[in-house]
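**Student:** I'd like to go over a predicted model; first the sequence, then the structure.
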Amino acid sequence: MNKILFLLTFLPIFAMSQEAARDALTVIHQRKSVKEYLDTPIPEEKIEMMLKAAMAAPSSRNVQPWRFYVVTNRAILEKLSKQLPNAAMLAHAPLAIVVCGDIKAGNPNRDQEIIWTLDCSAASQNLLLAAEALELGATWTGVYPFQDRIQAIVNALSLPENIIPLNIIPIGYPLKDESPKDKWDLKKVTWVD
Ligand SMILES: Cc1cc2nc3c(=O)[nH]c(=O)nc-3n(C[C@H](O)[C@H](O)[C@H](O)COP(=O)(O)O)c2cc1C
């Protein structure tokens, strides 16, 4: 292949992949916990895109123990907002996704009792990043390992006993412009040469 043909073929691909890399980093650095939302409903395509991103997460032994409950029912969201003071913003969110783990997924062993939380955390972060990329606001609100919070969600969603909620993520179009926190801290890094 001559030089010009090579450049014509591969330059756009290099340019595209650099663009994609920059986009990914921009989204990562723009992500922030957003707790105030407009009433506007979230279109189904956006919900599916967030779920697809969540399911693209890495998973130990590729068990993929994550299960997602997509909640738009106002009565349930309002009830949960009262039972979970740490997630009071559910009262004003048009949507919440509960990220759960199936503790019986795969060939469950003692390790899997812990590992589902790691897989589901990776899925949650992907979901939060997808929300940011779609110009939605979202916040991880903690459920696991607090028994009272777990029980509130189990009751509200009638979860079977093998399904444990890790978190509940209220999602909506942001009410106002917000900036991400700057968490960069070189003191937290050790270089091993
Ligand atoms: C495991 C975990 C649990 C969290 N639980 C809550 C919560 O219960 N309620 C809440 O409002 N935010 C919760 N957050 C969001 C944090 O408060 C937030 O990520 C932190 O303040 C950093 O801000 P940022 O997400 O905007 O960077 C949680 C985040 C994580 C990772």
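**Tutor:** Cool, the structure landed. Remember, predicted model here, so these are calculated numbers, not experimental data. Residues are numbered from 1 along each chain as shown.

**Student:** for this protein, which residues are neighbours of the ligand?
**Tutor:** Within the chain, the positions adjacent to the ligand are Lys32, Ser33, Lys35, Asn86, Ala87, Thr139, Trp140, Thr141, Gly142, Lys181 by Cβ under 6 Å from any ligand atom. Backbone N, C-alpha and C define where each C-beta goes, glycine included.

**Student:** correct me, but the first one touches Lys181?
**Tutor:** Yes: here Lys32 lies in contact with Lys181, judged by Cβ atoms under 8 Å, at a distance of 6.7 Å.

**Student:** CSV for the residues of the chain next to the ligand, including neighbour count, pLDDT and secondary structure?
**Tutor:** Shown next, in CSV, are those (neighbours: other Cβ atoms under 10 Å; pLDDT from 0 to 100; DSSP: H, G, I helix; E, B strand; the rest coil):
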residue, neighbour count, pLDDT, secondary structure
Lys32, 16, 98, coil
Ser33, 16, 98, strand
Lys35, 19, 98, coil
Asn86, 12, 98, helix
Ala87, 27, 98, helix
Thr139, 23, 98, coil
Trp140, 18, 99, coil
Thr141, 21, 99, strand
Gly142, 13, 98, strand
Lys181, 8, 98, coil
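
**Student:** Glu113 and Ile103 touch, don't they?
**Tutor:** Yes: taking Cβ under 8 Å as the definition, Glu113 is a contact partner of Ile103 at 6.4 Å.

**Student:** more crowded one of the two?
**Tutor:** Comparing Glu113 with Ile103 by other Cβ atoms under 10 Å, the one with more neighbours is Ile103, at 17 against 12.

**Student:** in contact with that one, which residues?
**Tutor:** Pro65, Gln112, Glu113, Trp116, Asn162, Ile163, Ile164 (Cβ atoms under 8 Å, 6 or more residues apart in numbering).

**Student:** tell me the helices in the chain, going along the chain?
**Tutor:** 3-30, 44-55, 74-83, 112-133, 147-157 (DSSP state H).

**Student:** switch these over to TSV; also include distance to Ile168.
**Tutor:** Output for those, formatted as TSV (distance: least, Cβ to Cβ, whole Å):
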stretch	distance to Ile168
helix 3-30	22
helix 44-55	14
helix 74-83	7
helix 112-133	10
helix 147-157	7
